[in-house]
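Novice: let me see the structure of the following:
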Amino acid sequence: MAGQLHCQEGIVAHRGLADYAWWQYGIVYQIYPRSFQDSNSDGIGDLPGILSRIDHLVDLGVDAIWISPVYPSPMADFGYDVAEYCAIHPSFGSLDDFDRLIAAAHERNLKLILDYVPNHTSNQHPWFIESRSSRTSPKRNWYIWRDAKPDGSPPSNWLSEFGGSAWTWDEATGQYYYHAYLKEQPDLNWRNPEVRKAMLDTLRFWLDRGVDGFRVDAIHHLFKDAQLRDNPLNPDWRQGMSPSRRLIRTRTM
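Specialist: Below you'll find the model as predicted:
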């Protein structure tokens, strides 16, 4: 706690912590559930495991715990490929387990923060499955679909964070879809008001269960250039640097 107060000494000196919201000065402890504590000996950490160690977290003197994604997911990106925003992956437990955890946290004056993944879903999310079903699907515009260039190449030179083109060809509907990360993580189209409403509804779902806040993942990717203009080459890129840094991502961040 001394280190935290030192970092905030200007706040403390001028006004005092009582004048600030908890998230402006509190100590946040991140938990990666898969490896934190396994409660049922299946080799995977879970929500009951976190609950069993909650007094340890209190003893550490933290103000909040931030839990990495526990939503249903095929785990192509270890939970950051969300297949359902308003549920718990069975490996981590159940919504009842979550409710017990948040109740226990609040009894101990701990805040609970969830990871929120708004930029993309899993390609197994029902929204994307429907979007991919045809060009006339009501959810087609929930994601970023574009025609190929006349030569059949992707619509732009945009690169994935994990290397290679950020565009994947869909044979069934004859268009490319955009993904800032893995091809299993198609980007949502946040220019679509239906997407915005649906994603805000997911926040309301968790807030209604008592969640105190969210850590927002990959928000810098949320909007892309509507004209799909190419990113410029990065003159400072060298071998050994991330392949995605070959370009200056002015059109995709």
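Novice: okay, now residue 138: neighbour count?
Specialist: 11 (other C-beta atoms under 10 Å). In short, each C-beta sits where N, CA and C put it, glycine included.
Novice: repeat for the one 3 residues further on
Specialist: Residue 141 is surrounded by 14 other residues when neighbours are defined as other C-beta under 10 Å.
Novice: please apply the same query to the one 4 residues further on.
Specialist: Taking other C-beta under 10 Å as the criterion, the count of residues near residue 145 is 21.
Novice: which residues are in contact with it?
Specialist: Neighbour list for residue 145: 131, 135, 170, 173, 175-177 [criterion: C-beta atoms under 8 Å, 6 or more residues apart in numbering].
Novice: could you identify which of the residues you listed has the most neighbours?
Specialist: Of all the contacts of residue 145, residue 131 has the most neighbours under the rule other C-beta under 10 Å, reaching 27 neighbours.
Novice: state the distance from the residue nearest to it when sequence neighbours are not counted to residue 201.
Specialist: Residue nearest to residue 131 in three dimensions, not counting chain neighbours: residue 139, with 4.3 Å by C-beta to C-beta, 6 or more residues apart in numbering. Counting by C-beta to C-beta, to the nearest Å, the separation of residue 139 from residue 201 is 15 Å.
Novice: equivalent analysis for residue 109, please.
Specialist: From residue 109 over to residue 201 the distance is 29 Å, taken as C-beta to C-beta.
Novice: could you pull out the strands for the protein?
Specialist: All strands of the chain, identified by DSSP state E, fall at 28-31, 64-67, 111-116, 145-146, 167-170, 175-178, 213-216.
Novice: contacts for the longest one?
Specialist: The one in question is strand 111-116. 22-23, 26, 28, 63-70, 79-80, 101-102, 105-106, 202-203, 206, 210-217.
Novice: mean confidence score for that strand?
Specialist: Throughout strand 111-116, pLDDT has a mean value of 98.
Novice: in its sheet, which strands sit next to that strand, and in what direction?
Specialist: Partners of strand 111-116 in the sheet, by DSSP bridges, are strand 64-67 (parallel), strand 213-216 (parallel).
Novice: now the ones you listed in CSV, with mean pLDDT and mean neighbour count?
Specialist: Output for those, formatted as CSV (pLDDT from 0 to 100; neighbours: other C-beta atoms under 10 Å):
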stretch, mean pLDDT, mean neighbour count
strand 64-67, 98, 21
strand 213-216, 97, 16
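Novice: residues near residue 48, how many?
Specialist: The local packing of residue 48 (other C-beta under 10 Å) involves 17 other residues.
Novice: returning to that earlier point: ok, residue 139 and residue 201, which is more surrounded?
Specialist: Between residue 139 and residue 201, counted using other C-beta under 10 Å, residue 139 has the larger neighbour count: 19 against 11.
Novice: can you read off the pLDDT for the more buried one?
Specialist: Taking residue 139 on its own, its pLDDT is 98.
Novice: wouldn't it be in contact with residue 186 here?
Specialist: No - contact criterion C-beta atoms under 8 Å: residue 139 and residue 186 do not qualify, at 11.4 Å.
Novice: which neighbours do those two share?
Specialist: Common neighbours of residue 139 and residue 186 (criterion: C-beta under 8 Å, 6+ apart): 128, 131.
Novice: follow-up on the earlier one: switch the strands of the chain over to JSON lines; also include distance to residue 238.
Specialist: Listed next are the strands of the chain as JSON lines, based on distance: least, C-beta to C-beta, whole Å:
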{"stretch": "strand 28-31", "distance to residue 238": "32"}
{"stretch": "strand 64-67", "distance to residue 238": "35"}
{"stretch": "strand 111-116", "distance to residue 238": "33"}
{"stretch": "strand 145-146", "distance to residue 238": "31"}
{"stretch": "strand 167-170", "distance to residue 238": "25"}
{"stretch": "strand 175-178", "distance to residue 238": "27"}
{"stretch": "strand 213-216", "distance to residue 238": "31"}
